[in-house]
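# sequence and predicted structure, then a few things I'm wondering about:
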Amino acid sequence: MGAVKLIGSYTSLFCTRVEWVLKLKGVQYEYVEDDVFNKSPLLLQHNPVHKKVPVLLHDDKPIAESLVILQYIDETWSGNTLLPQDSYDRAMAHFWAKFADEKCVMGSFMAAWKDGEEKEKAIESAQESFAFLEKLIQGKKYFSGEDEIGYLDLALGWIPLCLDILEEVGGMKLVDAEKFPSLLEWAHNFAEIPLIKERFPPRDALANYFHKIVGLKRSKK
Ligand SMILES: N[C@@H](CCC(=O)N[C@@H](CS)C(=O)NCC(=O)O)C(=O)O
């Protein structure tokens, strides 16, 4: 199937989801750690548009943007199919993954670095977005169904991976047990899967990374 190389960063939630999928699919790959604060020529050469990790190189052809990479891996390597077969269900999986990246990931980071009244508004807005995910998971074990995790679970895996650490760094609570019981139960179930748990970076590494990002954003305000 050709050589596979992943340019990533250990503390990046976007890279972690790609590694989960490569491992689930049983794809052999070489991992190259990059420094997002001092980007390598390799990263800049292969992702000149966004200059971000992850970048997957398959036979030296680069693919950027983690959700695009997930779909590419799913379509390229057979077995353990992650996206739904039904085209409407597949469209919905893409819709919610994109929504969560745009509204929940970005909304949570924004809430972490804002202050005062702006922070309160950002928290409220992020919680409104998380409420859609709470509704979506109610009555199900996984977003992709009852038995096995799929594309949307992997795309949302950053919630158990690092949301509580970001909440701690940002001095805020976004997802609590009272308002989000089903989402938290899903997060617990997802994080218990051995292949998923194995790739959780140490908490202090993630906390340091988030402190750095939040600090940089605050200094630019
Ligand atoms: N939408 C992108 C986001 C990737 C992203 O934000 N990567 C961060 C690391 S977590 C990065 O490379 N940051 C460098 C920068 O913003 O310049 C994806 O899904 O791949």
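Structure's in. What do you need?

# residue 152 contacts residue 140, correct?
No - applying C-beta atoms under 8 Å as the test, residue 152 and residue 140 come out as separate, 10.7 Å apart. For the C-beta atoms, the positions are set from N, CA and C on the backbone; glycine is no exception.

# these two: who's more crowded?
Comparing residue 152 with residue 140 by other C-beta atoms under 10 Å, the one with more neighbours is residue 152, at 26 against 12.

# for that one, which non-adjacent residue is spatially closest?
residue 143 (4.0 Å; C-beta to C-beta, 6 or more residues apart in numbering).

# and that neighbour, how many neighbours?
Close neighbours of residue 143, defined as other C-beta under 10 Å, add up to 24.

# and the longest helix seen in the chain, C-alpha only, in CSV?
Determined from DSSP state H, the single longest helix within the chain is helix 116-137. Presented in CSV, the C-alpha positions along helix 116-137 are these (Å, rounded to 0.1, in the frame of the first residue of the first chain):
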residue,chain,number,x,y,z
GLY,A,116,-14.5,38.6,32.5
GLU,A,117,-17.8,39.1,30.6
GLU,A,118,-16.3,37.8,27.4
LYS,A,119,-15.4,34.6,29.1
GLU,A,120,-18.9,34.1,30.5
LYS,A,121,-20.3,34.6,27.0
ALA,A,122,-17.8,32.2,25.5
ILE,A,123,-18.6,29.5,28.1
GLU,A,124,-22.3,29.9,27.5
SER,A,125,-21.8,29.6,23.7
ALA,A,126,-19.6,26.5,24.1
GLN,A,127,-22.1,24.8,26.4
GLU,A,128,-24.9,25.5,23.8
SER,A,129,-22.8,23.6,21.3
PHE,A,130,-22.0,20.7,23.7
ALA,A,131,-25.8,20.4,24.3
PHE,A,132,-26.2,19.3,20.7
LEU,A,133,-23.7,16.4,21.3
GLU,A,134,-25.5,15.5,24.6
LYS,A,135,-28.8,15.2,22.7
LEU,A,136,-27.1,13.2,19.9
ILE,A,137,-25.6,10.5,22.2
